[in-house]
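> Turn this into a structure:
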Amino acid sequence: MSHAIQVTKRENITHSPTLNTVLMVEETLKSGELFTLAELKRKLPKQVMHQTLTRILDYLQISGKIIIGTKGILWIYAERKELNDLIKRGTEL
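Numbers count the residues shown, from 1 in each chain. Okay, the predicted model is just below:
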């Protein structure tokens, strides 16, 4: 009976991606290309488990850094330096 309880406890534990893995995915997506999930997996320098990658993509989408559409995944976040350049070239209202 205690074995069944231990198995259940292990099933409820979810793996959290490391910061290095999140940064690796971000750097790959920053190339500006539109990636399918399969293409992204191939482009990553290291192999990432599917569940870990989808968790990272969920986080990046919620934080406004990527958009996930029917054709793929696209990096949309503008770094502050890029925003400052756009503001300098923009029209004042």
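> Not counting its neighbours along the chain, what's nearest residue 31?
residue 75 (7.6 Å; CB to CB, 6 or more residues apart in numbering). All C-beta atoms are positioned from the backbone trio N, CA, C, and that covers glycine.
> The one you found touches residue 65, doesn't it?
Yes. Using CB atoms under 8 Å, residue 75 is in contact with residue 65, at 6.7 Å.
> So which of these two has more stuff around it?
residue 75 (19 against 16; other CB atoms under 10 Å).
> Distance-wise, check that one relative to residue 90.
Counting by CB to CB, to the nearest Å, the gap from residue 75 to residue 90 is 22 Å.
> which parts of stretch 24-33 are buried?
Neighbour-count burial for stretch 24-33 flags 24, 25, 28, 29 (criterion: 16 or more other CB atoms under 10 Å).
> quick one: which of the residues you listed sit in helices?
Among those, DSSP state H puts 24, 25, 28, 29 in helices.
> Report the contact partners of the last one.
Taking CB atoms under 8 Å, 6 or more residues apart in numbering as the criterion, residue 29 is in contact with 35, 40, 60, 65, 66, 73, 74, 75.
> and what of the third one?
Taking CB under 8 Å, 6+ apart as the contact definition, residue 28 lies against 35, 40, 43, 44, 45.
> rerun at 6 Å
Counting by CB atoms under 6 Å, 6 or more residues apart in numbering, residue 28 makes contact with 43, 44.
> And the pLDDT for it?
Residue 28 carries a pLDDT value of 97.
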